[in-house]
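Asker: Sequence plus predicted model, see below.
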Amino acid sequence: MKLRILGVLAGLLLLAGTATAHEGPGGNVGVGAGIGAPTALSLEVAPVPWSAFELALGMPTINESNMYAHLVYKLDVVTLAYSRSVVVPLYLGAGAFVHDHGYTDWGARIPLGVNFDFQRAPVQLFAEAALEAVLVTEDGHGHPVDLAGFGGVRFWF
């Protein structure tokens, strides 16, 4: 599992290349943390300003110590606000998650969210709601479809 995660990280960094940054200053690699579902560290690579790949590794919620990870492709759908101080794109994404809580759930994750890309500092705030559907489980229990909320901050390099 750790080798797969390192492989995904290496692939995301290779995608970054010399591409344009996200909608704000800094490079095209964002590193940060979020709280909610999940509570996790976040790595985002934006090969072009209007799309990104996000990898989150952490816990499913702040109250659980189990492992959670997701990999999502996000695409900006519309810009809600644009000024000299902040750009606020609305994005839609699609990807997958894995949740290990004594048994492993694999599923699809579809987030809808907003980024607040500050124009004078390489800082981004984000907030999203995501539909998560368990597609494969090892024990057959749990919630087959769930709504998750995730928000936090990223610094772009």
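Answerer: Looks like it arrived, so ask away. Remember, predicted model here, so these are calculated numbers, not experimental data.
Asker: Beta-bridge partners for Val86, please?
Answerer: Phe118 (DSSP bridges).
Asker: Next one, pLDDT for it please.
Answerer: Reported pLDDT at Val86 in the predicted model: 96.
Asker: What's the local residue count around Glu44?
Answerer: Using other CB atoms under 10 Å, Glu44 has 23 neighbouring residues. For every residue, glycine as well, the C-beta is placed using N, CA and C.
Asker: Look up which helix or strand the residue nearest in space to the middle of the chain falls in, please.
Answerer: With distances taken as CA atoms, centre = their mean, Glu54 lies nearest the centre of the chain, 3.9 Å away. Using DSSP states H and E, Glu54 falls within strand 51-59.
Asker: After that strand, which helix or strand is next?
Answerer: Counting by DSSP H and E, what follows strand 51-59 is strand 67-82.
Asker: For beta bridges, what are the partners of the closest residue to the residue nearest to the centre of the chain other than its chain neighbours?
Answerer: In this structure, Glu54 finds its nearest non-sequential neighbour in Glu44, 4.6 Å apart by CB to CB, 6 or more residues apart in numbering. Here Glu44 sits in beta bridges with Gly30, Glu54, going by DSSP bridges.
Asker: what's the spacing between Glu44 and Val72?
Answerer: Using CB to CB, to the nearest Å, one obtains 9 Å as the distance from Glu44 to Val72.
Asker: got the residue ranges for the strands in this structure?
Answerer: 29-36, 39-48, 51-59, 67-82, 86-100, 104-118, 123-137, 145-156 (DSSP state E).
Asker: okay if I get the ones you listed as TSV plus distance to Glu23?
Answerer: What follows is the strands of the chain, written out as TSV (distance: least, CB to CB, whole Å):
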stretch	distance to Glu23
strand 29-36	11
strand 39-48	8
strand 51-59	10
strand 67-82	8
strand 86-100	4
strand 104-118	4
strand 123-137	8
strand 145-156	10
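Asker: of the ones you listed, which approaches His22 most closely?
Answerer: Ranking these by proximity to His22 (CB to CB) places strand 39-48 first, at 4.2 Å.
Asker: Report the rounded mean pLDDT for the closest one.
Answerer: Strand 39-48 comes out with an average pLDDT of 95.
Asker: Could you do stretch 57-71 as well?
Answerer: Rounded mean pLDDT across stretch 57-71 is 89.
Asker: Can you give the contact residues for it?
Answerer: Contacts with stretch 57-71, where a contact means CB atoms under 8 Å, 6 or more residues apart in numbering, come from 5, 8, 35-41, 53-56, 95-102, 109.
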